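Trainee: Next one to model:
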Amino acid sequence: MIFLTGAAEIDKCCASLRSLLATREDDKEVAFMASPHMEVVPLYGLLPPDEQARAFGAFASGDTRKCVVATNIAGKCILEHGSNFSFD
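Mentor: The predicted structure follows:
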């Protein structure tokens, strides 16, 4: 979980993380950052409900990790449901 201040900052961070993860197979220095599969999921109030729900649900693959990038208010809901790590 990564906490940021607003929707624009969250969307930019998600795009950067997705780009980095897309190159991880070619770059051994970033390969350590993720399990075989990592999904980057934004969470803030202006997202449609179905997109917000992705932050709470499990993924079909058991080896997929979830990185939620959220506002502190939205992120509090995730922390109450259980989270392994958070960055503020």
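Trainee: all strands for the chain, in order.
Mentor: Along the chain, counting by DSSP state E, strands occupy 2-4, 37-43, 64-71.
Trainee: out of the ones you listed, which comes closest to residue 54?
Mentor: Smallest distance to residue 54 across the strands of the chain (Cβ to Cβ): 5.1 Å, for strand 37-43. C-beta here means a position set from N, CA and C on the backbone, and glycine is covered the same way.
Trainee: Can you give me the buried ones in that closest one?
Mentor: Buried residues in strand 37-43, defined by neighbour count with 16 or more other Cβ atoms under 10 Å: 38-43.
Trainee: and what of stretch 58-71?
Mentor: Result for stretch 58-71 [16+ other Cβ under 10 Å]: buried residues 66-71.
Trainee: May I have that stretch exported as CSV, CA atoms only?
Mentor: This file holds the C-alpha atoms of stretch 58-71, laid out as CSV (Å, rounded to 0.1, in the frame of the first residue of the first chain):
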residue,chain,number,x,y,z
ALA,A,58,-8.6,-11.3,-4.4
PHE,A,59,-7.1,-12.1,-7.8
ALA,A,60,-7.7,-15.4,-9.6
SER,A,61,-4.0,-16.3,-9.5
GLY,A,62,-2.7,-17.2,-6.0
ASP,A,63,0.8,-15.9,-6.8
THR,A,64,-0.3,-12.4,-7.7
ARG,A,65,0.5,-9.6,-5.3
LYS,A,66,-1.5,-6.4,-5.1
CYS,A,67,0.0,-2.9,-4.7
VAL,A,68,-2.7,-0.5,-3.8
VAL,A,69,-2.0,3.2,-4.3
ALA,A,70,-4.5,5.2,-2.4
THR,A,71,-5.4,8.4,-0.6
